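Visitor: fold the following.
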Amino acid sequence: MKFAVLDLETTGPSADDEIIQVGLVLLDDDLQITETFSAYVKPDKAIPPFITQLTGIDDQTVANASAIEEVLLLLIPLLDDAVFVAHNANFDLGFLNQALDQCGYMRFVGRKLDTIELLRMLYPSLTTYQLGAVSEQFGIAHSRHHQADSDALATAQIFAKAVDKLRGLPLLTLQRLASFITDDTDLGWFLHETLAHKEIQTSLDADALSYFRQFALKVNDWSEEQPLRGDLDTPLEDVSFPAFLEQMKTAFEERVANYEVRDAQQQMFQEVFAALDDGRHLLIEAGTGTGKSLGYLIPSLYYGVRQEVKIVVSTHTINLQEQLRERDIPLLQQTMPFPFRASVFKGRGNYLCLRKFESKINLQDFVTPGEDRITAAQMIIWLGETEHGDQEELHFGNKGADFWESVASDADSCLNRACPWFKRCYYHRAKQEANLADVIITNHSMLFTDIRADHRLLPAYEHLIVDEAHHLEDVAGKHLGMQLSYFSLQHPLQRLYKDGRTGMLHQLKFKLGQEGDEYVDQWSETIDELLPKFGEMRETWEKLLDLLYGLTGVPTAVDGAESVQAVLRLKAGDPPDGWEYAATEEGNLYTGLNRTVKSLEKMLGEIKERIDDPSIQALATDMNGTIRDLSRARDDLRTFIKLDDKATVYWVEANPNFRSKSVQVHAVPADVSGQLQKYFFETKKSITLTSATLSVQKSFQYAREQLGFPAEEDGGRLKTVQLPSPFNYRQQALVCIPRNFPSVKGTAGDPQFIGMLVESLAEAARETGGKMLVLFTSYRMLKQVYEPLKAALVADDIQVLGQGIDSGNRSKLTRRFQQQSASVLLGTSSFWEGVDLPGEALVCLAIVRLPFQPPNHPLAEAKAELLEQQKQNPFMKLSIPQAVIRFKQGFGRLVRSSRDRGIVLIYDTRVIESYYGKYFLYSLPGPKIEHMHLEQIVPRMREWLTEGREEET
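Guide: Here you go, the predicted model:
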């Protein structure tokens, strides 16, 4: 078999564009390179500037190149009898065949393979399929991105790696894949060819995977393991905390290169240990560079192991959870003077249910066959690689989330010990590991899910560390309240009955037909009677959402205009006009759901009692889980429609793009501080809350009030500490504020504001050579700036990347920004925190507007009303503290290490003109702050950056 790996550069993506460069690499069946070919092509049209910026190819480069006819004459023989391979094969093959047509040659009609398709299937954890990023991850040298010869060579090497992995898969895995990926597609043909070769080779499994029920898995049975230290005396019985820290210091010096003792971290060790030891709560602000994670893990492990108690650590983001698992815990396991266990425990829906997955594969229950087959293939390969069965390890395509929802673990459909997969269950493995662990790493959502489940999920604990604690109150509101969308009912209804052929009810009826029980006819009749009801319930649900959509008053979407999200707040006891129609439809829906749920529960109870077939038992269990989903949605909707709780904030959101299908209804407690006290601070012995942003103008008053602590700090039960920064911000950060910059109101800028902003950003970017992050509070304004800024910087070879324009994926945008240093990245909400761009990657941070939350959001309105009732000023007590904390998070993107140096431009003159501006500037960790006229900013930047370079030399 011969493979021809092709890459083309063109004048653009459209059908009337032309080829300007060809790169080809030939591989033999052993995946060795046998020949390469490359040539520039002279097009009949000028090469656009954006293509030159992307590829480095301009009109002069191709001035003396051959015409496409001549290049094809050399290329065609090389493609003879070859399998065509490309990265996004439809694009390259489309242009090749168009050129062959135009020149009078036969089109290429042979087999084609797409490396993107192969990567999706074979590398399920890859987060990007962009050629440069994949090359980097695979360790493939690829310096000339978007040059056809270099791209073709990189694609060939990626293809070779992918095929090598495919050929090395266990025979059982290839057979599983071939069972549902048929050979009527080119990918299917190649898979079946690979399987045929494998079947005549040795079946020895070099990876020594575990085999169970025709699946190859990385994990064996989880067993009833004994605690790590057994009945031994505690290893710290005679070791004081100061002596223990000395031991750790020595271990770090031996094992960690360039280890330095950080004063702030040492103080954090002492404060966290004292809080645990004294049974107190602690609010501790630890800025970037403190070493916060180790700052709480080291004293927690010492205290927990010595006292033989569990410590729970909770984070807000998956990123931090994974950092603790992958970086900090392994480091401590190497350096601690005693063995310990740490486990990561997430919400149940994060884990794969192997029983459901097996059933889906065996039945080939694919809702969208093309996408679902690739997702299923990804997961079958992933089973041979994963130890955790955690969806976070998977990178899905468009419909992957829907597929996952149908195979995720959940309490309602769990067979527990009756399940054939129980001893290999990822969720029960994680739960067992948590039971045995000294420290359990979980997330804020799980803390509140555990409360709603009457503390049945997490092992009992009395000592809690909350990292990223500035998010705790927000997460509490979401989890102690409720939210429903179109899919909250649509998905469970569809799982039970989608159409005349698919759905659990059809499966059940078919399986029952093969049983000889006397009740089978009665059950079949019940199913036949229920099926029409599903269409009626869907119709009623859509009618209800139409009514709610109409009540929001969403403006009609105009072509080309940005859609506007509409939000309608509903006051308890005071429904809007027309609410009675919504209540009527909800009543009809409630009745229909009630009858359906009761009929199904009765029938499934009888089936489980009378039928022993394991597949029917499993299906009935899954159906019970889906029925409980329907019941929850039914009850939540009834709670919402009643609008009867004065302490709850009710609202509806909708968008004109998807009309009634975009409707979401919310019911959230206005104030969760009482519940936080009840469930946490009054019942736990010690809770430490930490973050880089807890204080406002050096005060913890806002954080205390959100958590339900009085200003007197609860008579010593709560201690607050602000650790000193380990960085010299006066030397490392310069803040520049243009005092003659125009002000702006609303989410969009007027032409003068946008024009001046674009000009200033462009000048600053030229001075720093890109390396700039621009933070917006409005996506609308980001879009206004994107095109003119891109045009202003095109001649300087500085690329502009826009969130939601070039990609909606934050990590992809960040990677592209780091790969090309001459870049300006425009970001909104998610870029204000959690983005790490250390060193030379980021030199300039621009903050366009102060990050105030919209005051008219229902939750913000309700909180403001509560404060007004207490004769307090909502702007000063709520809006300012929230914005300051967000502002500090944004500022924290710039200096990430003691070697970083950079400039912050603040274009919102309210920081120097308004009475509240001081709250923002005084909350920063001591940078040099200067305000000047706009035209003085770039010279000042140049001067400051030059000073920094001189200090380094």
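
Visitor: hmm, G890 is touching L775, no?
Guide: Yes - under the criterion of Cβ atoms under 8 Å, G890 makes contact with L775 at 5.1 Å. To be clear about C-beta, it is placed using only N, CA and C from the backbone, and glycine gets the same treatment.

Visitor: which residues are common contacts for the two?
Guide: Residues touching both G890 and L775 by Cβ atoms under 8 Å, 6 or more residues apart in numbering: 832, 845, 847, 851.

Visitor: pick out the most distant pair among these.
Guide: The distance between the two most remote of the shared contacts of G890 and L775 (Cβ to Cβ) is 13.1 Å, for L845 and P851.

Visitor: overlap in contacts of those two?
Guide: When contacts are counted by Cβ under 8 Å, 6+ apart, L845 and P851 have 775, 890 as shared neighbours.

Visitor: picking up where we left off before, give me the subset of the shared contacts of G890 and L775 lying in strands.
Guide: Members of the shared contacts of G890 and L775 lying in strands (criterion: DSSP state E): 845, 847.

Visitor: does H428 touch F422 like I think?
Guide: Yes - H428 lies in contact with F422 (Cβ under 8 Å); the separation is 6.5 Å.

Visitor: if you count surrounding residues, which of those two has more?
Guide: The neighbour comparison of H428 against F422 (other Cβ atoms under 10 Å) goes to H428, with 19 against 16.

Visitor: now, of the shared contacts of G890 and L775, which are buried?
Guide: 832, 845, 847, 851 (16 or more other Cβ atoms under 10 Å).

Visitor: any idea which of those residues is the one closest to E865?
Guide: Closest approach between the buried ones among the shared contacts of G890 and L775 and E865, by Cβ to Cβ: P851, at 22.5 Å.

Visitor: report whether the expected contact of the closest one with T828 is present.
Guide: No - using Cβ under 8 Å as the test, P851 is too far from T828 to be in contact (9.9 Å).

Visitor: with pLDDT added, can I get the buried ones among the shared contacts of G890 and L775 in CSV?
Guide: Output for the buried ones among the shared contacts of G890 and L775, formatted as CSV (pLDDT from 0 to 100):
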residue, pLDDT
W832, 84
L845, 92
I847, 93
P851, 92
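
Visitor: now these in a markdown table, with distance to K745?
Guide: Shown next, in a markdown table, are these (distance: Cβ to Cβ, whole Å):
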| residue | distance to K745 |
| --- | --- |
| W832 | 21 |
| L845 | 24 |
| I847 | 17 |
| P851 | 15 |
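
Visitor: in the protein, where is pLDDT below threshold?
Guide: Within the chain, the stretches with pLDDT under 70 are 202-207, 224-234, 555-564, 710-715, 746-747, 838-839, 949-953.

Visitor: tell me the residue in it that is farthest from the middle.
Guide: In the chain, counting by Cα atoms, centre = their mean, E518 sits farthest out from the average C-alpha position, at 50.7 Å.

Visitor: thinking again about what came up before, out of the buried ones among the shared contacts of G890 and L775, the closest to E35 would be?
Guide: Relative to E35, the closest of those is L845; by Cβ to Cβ it sits at 49.3 Å.

Visitor: distance-wise, check the residue nearest to S811 when sequence neighbours are not counted relative to R810.
Guide: Nearest residue to S811, sequence neighbours excluded (Cβ to Cβ, 6 or more residues apart in numbering): T127, at 6.1 Å. Per Cβ to Cβ, to the nearest Å, T127 is found 11 Å from R810.

Visitor: what does G804 give?
Guide: For G804, the distance to R810 (Cβ to Cβ) stands at 10 Å.

Visitor: so which elements touch the one helix or strand N624 maps to?
Guide: According to DSSP states H and E, N624 maps onto helix 614-642. Packed against helix 614-642, as judged by 3 or more Cβ pairs under 8 Å, 6 or more residues apart in numbering; DSSP states H and E, are the following elements: helix 354-363, strand 482-485, helix 486-496, helix 504-512, helix 579-610, strand 659-669.

Visitor: how far away from the center of its chain is it?
Guide: In this view, helix 614-642 has its centroid 27 Å away from the chain centroid, taken as Cα atoms, centre = their mean, to the nearest Å.

Visitor: likewise stretch 522-537?
Guide: The chain centroid and the centroid of stretch 522-537 are separated by 39 Å under Cα atoms, centre = their mean.

Visitor: can you list contacts of it?
Guide: 489, 493, 496-497, 505, 508-509, 512-513, 589, 592-593, 595-596, 599-600, 603, 606-607.

Visitor: got the CA positions of that stretch in CSV?
Guide: Taking Å, rounded to 0.1, in the frame of the first residue of the first chain, the C-alpha atoms of stretch 522-537 are listed here in CSV:
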residue,chain,number,x,y,z
GLN,A,522,-50.5,-6.3,29.0
TRP,A,523,-47.1,-4.5,29.1
SER,A,524,-47.1,-4.1,25.3
GLU,A,525,-50.5,-2.6,25.4
THR,A,526,-49.4,-0.2,28.1
ILE,A,527,-46.5,0.9,25.9
ASP,A,528,-48.7,1.3,22.8
GLU,A,529,-51.1,3.5,24.9
LEU,A,530,-48.2,5.6,26.2
LEU,A,531,-46.4,6.3,22.9
PRO,A,532,-48.9,8.9,21.5
LYS,A,533,-48.7,10.8,24.9
PHE,A,534,-45.0,11.6,24.3
GLY,A,535,-45.9,13.7,21.2
GLU,A,536,-48.6,15.5,23.2
MET,A,537,-46.2,16.2,26.1
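
Visitor: show me which residues of that stretch are buried.
Guide: Neighbour counts over stretch 522-537 (16+ other Cβ under 10 Å) mark 523, 526-527, 530, 533-534, 537 as buried.

Visitor: cool, stretch 88-96 as well?
Guide: Residues of stretch 88-96 classed as buried: 88-89, 92-93, 95-96 (neighbour count, 16+ other Cβ under 10 Å).
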